[in-house]
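Asks: when you get a sec, could you give me coordinates for this:
(one chain, ligands or ions: 2)
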Amino acid sequence: MTALKVVSSKFASEIDQELMGSKVGFTLQQLMELAGFSVAQTIQREYPLEQNKNKNEVLIIVGPGNNGGDGLVCARHLKLFGYNPIVYYPIRSKRTPFYGQLVNQLEFFQVPILTEEQSTKWVDYLKPEKTLCIVDAIFGFSFKPPIREPFGSIVAEMHKVEDKIPIVAVDIPTGWDVDEGPVAEPHTTPRVLVSLTVPKPCSKFIKPERTAHYVGGRFIPNHFAEKYGFEPFPYQGTDQVLKL
Ligand SMILES: NC(=O)C1=CN([C@@H]2O[C@H](COP(=O)(O)OP(=O)(O)OC[C@H]3O[C@@H](n4cnc5c(N)ncnc54)[C@H](OP(=O)(O)O)[C@@H]3O)[C@@H](O)[C@H]2O)[C@@H](O)CC1
Ligand SMILES: [K+]
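Replies: Ligands and ions are numbered 1, 2, ... in the order given. Predicted coordinates for the structure are as follows:
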């Protein structure tokens, strides 16, 4: 593999704003659907049901921002793929009504959603005999350490089991500084990282022998990638993800 192409947190949020600005006109809903779909596709690649006959539960831990929204979308696609997703969504943001619509869709798909009141129960899913993998959709590129509660305690629990249950991190491993990597505690070390649009600088700190790295969120044309200083990724055919 050639040198990893990355963009800083500042550029990542500029890319987001430009894609959703008046000139390009994507909606958050469109991008989030493709982002969440690509995470679900990555899970299907790394943990295919055919090779995990006795386990199909995936615990998706959802944060209050758009990274969390990607997790909600991912859960719906996993259900369609034949997995048994369980969502833990301790703080439901009202930033946009869209998050509520994603929750309604999960209820329609009969995906269980654990709430804050059930917070003692979410840890029941941190059992290797039960859970195939954990999706870390807590924080993405807008996270600023130090981590606040309840997420500090949640990440500490995830860290305890990360050698037994693989963590799939959406865009940024939660607890990592977007540019500096795993400099603060607590943080998790994922088995799989799905960078969205383009990897952020923290992805340089993943160890390839420990963490598989994918890029997903296939929604930009080549000239746009080049404008932001990275080569377009060579996605194959209709794939939504590319293993780096
Ligand atoms: N183009 C793309 O690639 C697309 C990217 N997408 C996805 O969006 C993600 C970025 O989403 P985002 O900007 O909403 O921010 P995100 O990281 O989810 O967190 C913000 C929340 O976290 C909170 N918070 C922050 N620090 C905290 C702390 N220390 N402790 C506790 N809380 C803290 C903060 O709270 P506040 O500080 O505002 O009170 C706010 O509620 C990106 O990584 C990708 O996954 C796709 O969906 C669409 C297309
Ligand atoms: K994350």
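
Asks: doesn't Leu106 lie inside a helix?
Replies: Yes. The assignment for Leu106 (DSSP: H, G, I helix; E, B strand; the rest coil) places it in a helix.

Asks: how about the residues of this structure by ligand 1?
Replies: 15-16, 19, 31-32, 35, 63-70, 139-148, 151, 170-172, 196-197, 217 (CB under 6 Å from any ligand atom). C-beta coordinates here come from the backbone N, C-alpha and C atoms, glycine included.

Asks: got a list of contacts for stretch 172-181?
Replies: 8-9, 12, 63, 67, 136, 138-141, 143, 145, 147, 151, 155, 158, 167, 182-190, 193, 200-202, 204-206 (CB atoms under 8 Å, 6 or more residues apart in numbering).

Asks: let's see which of the residues you listed end up in helices.
Replies: 9, 12, 67, 151, 155, 158 (DSSP state H).

Asks: reformat these as JSON lines; add pLDDT.
Replies: Listed next are the ones in helices among the contacts of stretch 172-181 as JSON lines, based on pLDDT from 0 to 100:
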{"residue": "Ser9", "pLDDT": "80"}
{"residue": "Ala12", "pLDDT": "82"}
{"residue": "Asn67", "pLDDT": "97"}
{"residue": "Phe151", "pLDDT": "96"}
{"residue": "Val155", "pLDDT": "96"}
{"residue": "Met158", "pLDDT": "96"}
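
Asks: which of the residues you listed count as buried?
Replies: Buried residues within the ones in helices among the contacts of stretch 172-181, counting neighbours by 16 or more other CB atoms under 10 Å: 9, 12, 67, 151, 155, 158.

Asks: pick the one among the residues you listed closest to ligand 1.
Replies: Here the nearest of these to ligand 1, counting by CB to the nearest ligand atom, is Asn67; it sits at 3.3 Å.

Asks: tally of neighbours for the residue nearest to the closest one when sequence neighbours are not counted?
Replies: In this structure, Asn67 finds its nearest non-sequential neighbour in Gly140, 3.3 Å apart by CB to CB, 6 or more residues apart in numbering. Per other CB atoms under 10 Å, the neighbour tally for Gly140 reads 28.

Asks: how about Phe233?
Replies: Phe233: 19 neighbours (other CB under 10 Å).

Asks: check Tyr99 too.
Replies: Tyr99 has 21 neighbours, counted by other CB under 10 Å.

Asks: same check, this time on Asp239
Replies: Asp239 has 13 neighbouring residues, counting by other CB under 10 Å.
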